[in-house]
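> Below are the sequence and a predicted model; questions follow.
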Protein chains: 2
Amino acid sequence: MTTIRDVARQAEVGVATVSRFLNGGYISDEKKSRVLRAIHELDFRINEVARSLSTGRSKAVGLVIPDLNNPFFPGIIHGVEETCENAGVMVMLAHTAEREDRVEAVINNLIQRGVDGLISASGLENPSSVSVPLVMLDRVNGTSAVDSVRTDHVQGGMIATRYLLSKGHRDILFLSGPLQNTGASLRLQGYRQMMEDAGFRPQWIEGKRFDFAEGYAIALECLKQGETSAIFAGNDLMALGVVRAAMEMGLQIPGDLSVIGYDGIDLSAHTTPSLTTVAQPMYELGKQAATMVLFRAYEESKRVCERVELTPKLLIRGTA
Amino acid sequence: MTTIRDVARQAEVGVATVSRFLNGGYISDEKKSRVLRAIHELDFRINEVARSLSTGRSKAVGLVIPDLNNPFFPGIIHGVEETCENAGVMVMLAHTAEREDRVEAVINNLIQRGVDGLISASGLENPSSVSVPLVMLDRVNGTSAVDSVRTDHVQGGMIATRYLLSKGHRDILFLSGPLQNTGASLRLQGYRQMMEDAGFRPQWIEGKRFDFAEGYAIALECLKQGETSAIFAGNDLMALGVVRAAMEMGLQIPGDLSVIGYDGIDLSAHTTPSLTTVAQPMYELGKQAATMVLFRAYEESKRVCERVELTPKLLIRGTA
DNA sequence: CTGAAAGCGCTTACAG
DNA sequence: CTGAAAGCGCTTACAG
């Protein structure tokens, strides 16, 4: 490995001069070109770990994602990455595979490896114990005072419900994901409020997981009764499960049953029929979160905690 | 930040002793317990970047993924992560968003940050220039001598084709993904060989991308002619596009048209109808790749290059 | 504008 | 078994 010393020797300058060249300090044109040449001749690449140790900054932030299988996340990741890339900051992606017990370990690991900030879409029990700037993404812990960004899920729940009501439905079932998930309970809140305001009785079932199989299983179960004319699913994956269950039971969609999802994952536009859904601004969520960590990490860390909520958007397609 | 010096002072020992405690060297029980206590009292966390600089090892490997939107990858990532976790090695995930120009930058960045090895599912122009142990995953560059692991795609192509032939099809269209993708061209090879052996004329169309929209668009186009009785798609996403196009044209599946996919992504089991496909052993691919880098990085780096091919598996479901 | 020196937080021979 | 010291590859005052 060639180091800054090798470059200095080759260019016949001091190592401090090479360092200045690398980091932009005063340096004469004469030496500048000698250093540049030496760097090329030696194919020098700076050792970022040494740099990190010396400066106390790594120009990297960690991004922790709970579940790569959920197509909700790639858009977010993309938003974070582009924003960080523009700022010359690397993003270290880590994922916790929905194992609550892993998130603390993963975050500690990232911190020990010197990240300057952290974005977490995995829930933390104790966010304030994190020693670097942190922004919670999507899974906001209601109680603690941390920077956070998420979609306005109450509004999202209301949008979905209002739309179904406007289509004349009144037996609308909300098939929520796990309610310990803040987003899910917020959507439920929006749903309930909208239903009650309209004078109808809210009804909901709590799914154990946010996935296809769960939506499918629950729908199969409760479509037997035949009361429901519309289902608002906790997310798109569950909605897709509902659609499949309904189709297998010979129900017409949206004739016999209307289905509306939540998230607006790419796939939802491509199924048959395509899914009507409430879309979260994934890319924007990521971008916003990244902007916030970058600011905290590199501009100004002390300030009151900031909570951003982005607006969801109804996508009317084939299922409702 | 509390350092090893603080711990040493608190425990009234030398810093070397603390280091030995951390890394397992000779140390008396007496001092061992004093150090342990000090570590707890001070809530000491080792600075891994300092450790890396000192040892020249980071206990981390990089994993570069071309496209997080493709559900083919999460299974692989999972396999890599579990294997590395068991070995006490962190995996730094990076993704190149299908931008060829980013992969070199991403890899350099990872190396500069001290990874001990690298697994890349993104294609590299010049793999031999990588200065740490490297294993190519899935996208194997045919020419250069690098460790690699992938599915036996020739066999995969044959399996799909053989199955369709056994069902009596003879006008089987292979809708490949981009043929510069080695996997795609290998599947084509298996398909052609099988067709020719059976005495039928192979026919294929090259899709520009491995995605839903591409499968949909091409299918819409070529199903007009009405010659084809079966389509073997380059991957599951494309196959799903084909299914949708066919359904919109009023074709019965598999009655009027049989469709078979490739990859075996989770979703393929959950669509309506569920997709018949040739499954790649995603988890195993990741596990195998991880095992190989770990070996190269921590056991024995010099050896002839190793190329592993894993066996694909036919999953008979609803579309063929 | 420039170089020698100290320091970032560890590890690892080396001499006890 | 243990501690002082040198070193990993950088950066950053400091004195010129």
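Good, I have the coordinates.
> Return the distance of the residue nearest the centre of chain A relative to chain B.
By C-alpha atoms, centre = their mean, chain A has its centre lying nearest to residue A:76, at 4.4 Å. Using C-beta to the nearest C-beta, to the nearest Å, residue A:76 is found at 10 Å from chain B. (C-beta placed from N, C-alpha, C; glycine too.)
> That residue touches residue A:284, doesn't it?
No: at 9.1 Å, residue A:76 and residue A:284 do not qualify as touching, with contact defined as C-beta atoms under 8 Å.
> list the contacts for the residue nearest to the centre of chain A?
Contacts for residue A:76 were tallied using C-beta atoms under 8 Å, 6 or more residues apart in numbering or on different chains; they are A:65, A:121, A:137, A:138, A:282, A:283, A:285, A:286, A:289.
> please redo it, this time with the cut-off set to 6 Å
Going by C-beta atoms under 6 Å, 6 or more residues apart in numbering or on different chains, residue A:76 touches A:282, A:285, A:286.
> OK, contacts around residue A:244?
Applying C-beta under 6 Å, 6+ apart, one finds that residue A:244 lies in contact with A:216, B:272.
> Let me see the confidence value for it.
At residue A:244, the model reports a pLDDT of 89.
> cool, and residue A:302?
68.
> what do you get for residue A:231?
97.
> Next one: the helix or strand encompassing it, is it in contact with chain B?
Here residue A:231 is covered by strand A:230-233, with elements defined by DSSP states H and E. No: judged by C-beta under 6 Å from any C-beta of the partner chain, strand A:230-233 stays clear of chain B, getting no closer than 13.9 Å.
> Direction included, what does that strand pair against?
Here strand A:230-233 has these sheet partners by DSSP bridges: strand A:172-176 (parallel), strand A:258-263 (parallel).
> and stretch A:139-149, how far apart are its ends?
End-to-end distance for stretch A:139-149: 9 Å, by C-alpha to C-alpha, to the nearest Å.
> what's it in contact with?
If you take C-beta under 6 Å, 6+ apart as the criterion, stretch A:139-149 is touched by A:121, A:123, A:127-128, A:134-137, A:150, A:182, A:285, A:288-289, A:292, A:305-308.
> ok, of these, which come out buried?
Burial by neighbour count, judged by 16 or more other C-beta atoms under 10 Å in any protein chain shown, picks out A:121, A:123, A:127, A:134-137, A:150, A:182, A:285, A:288-289, A:292, A:308 from the contacts of stretch A:139-149.
> Closest to chain B out of these?
Set against chain B, the nearest of the buried ones among the contacts of stretch A:139-149 by C-beta to the nearest C-beta is residue A:121 (13.4 Å).
> Report pLDDT for the closest one.
The per-residue pLDDT reported for residue A:121 equals 95.
> same question, residue A:143
In this model, residue A:143 is scored at 68, pLDDT.
> What is the neighbour count of residue A:27?
Residues lying near residue A:27 (other C-beta atoms under 10 Å in any protein chain shown) number 18.
> got it, and the one 10 residues further on?
When counting by other C-beta under 10 Å, one arrives at 13 neighbours for residue A:37.
> now check the helix or strand containing it, is it near DNA strand C?
Taking DSSP H and E as the criterion, residue A:37 maps to helix A:29-42. Yes: using C-beta under 7 Å from any atom of the strand, helix A:29-42 reaches DNA strand C at A:30, A:31.
> what helices or strands is that helix leaning on?
helix A:4-11, helix A:15-23 (3 or more C-beta pairs under 6 Å, 6 or more residues apart in numbering or on different chains; DSSP states H and E).
> buried set for the shortest one?
What it means is helix A:4-11. For helix A:4-11, the neighbour count (16+ other C-beta under 10 Å) marks A:4, A:6, A:7, A:8, A:10, A:11 as buried.
> Wait, the third one touches residue A:44, no?
The reference is to residue A:7. Yes: counting by C-beta atoms under 6 Å, residue A:7 touches residue A:44, with 5.1 Å between them.
> Residues of chain A that sit close to DNA strand C?
Contact residues (C-beta under 7 Å from any atom of the strand) of chain A with DNA strand C: A:13-17, A:20, A:25-28, A:30-31, A:50, A:53-54, A:56.
> Using PyMOL, define a selection of the buried residues within those.
Selection of buried members from the residues of chain A next to DNA strand C for PyMOL, criterion 16+ other C-beta under 10 Å:
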select buried, chain A and resi 13+17+20+27+31+50+53
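> Widest-spaced pair of the residues of chain A next to DNA strand C?
Across those, the longest distance by C-beta to C-beta is 32.1 Å; it joins A:30 and A:56.
> contacting residues for residue A:6?
Going by C-beta under 6 Å, 6+ apart, residue A:6 touches residue A:42.
> Could you say which helix or strand holds the residue in the stretch 51-200 of chain A that DNA strand D sits nearest to?
Using C-beta to the nearest atom of the strand, the closest approach of the stretch 51-200 of chain A to DNA strand D is made by residue A:54 at 3.4 Å. Per DSSP H and E, residue A:54 falls inside helix A:48-55.
> Contacts for that helix next, please.
Applying C-beta under 6 Å, 6+ apart, the external contacts of helix A:48-55 come out as A:58, A:114, B:49, B:50, B:52, B:53, B:112, B:113, B:114.
> Ramachandran angles for residue A:310?
In terms of degrees, to the nearest 10, the main-chain angles of residue A:310 are phi -100, psi 160.
> Tell me if stretch A:41-52 is near DNA strand D.
Yes: residues of stretch A:41-52 contacting DNA strand D under C-beta under 7 Å from any atom of the strand: A:44, A:46, A:47, A:50, A:51.
> To which secondary structure element is residue A:287 assigned?
Assigned by DSSP H and E, residue A:287 falls within helix A:282-298.
> angle of that helix against strand A:258-263?
Relative orientation of helix A:282-298 versus strand A:258-263 (axes from the mean of the first three to the mean of the last three C-alpha atoms, to 10 degrees): 20 degrees.
> how close does the closest residue to DNA strand C within the stretch 51-200 of chain A sit to residue A:140?
In the stretch 51-200 of chain A, the residue found nearest to DNA strand C is residue A:54; the distance is 3.6 Å by C-beta to the nearest atom of the strand. Here residue A:54 is placed at a distance of 36 Å from residue A:140 (C-beta to C-beta, to the nearest Å).
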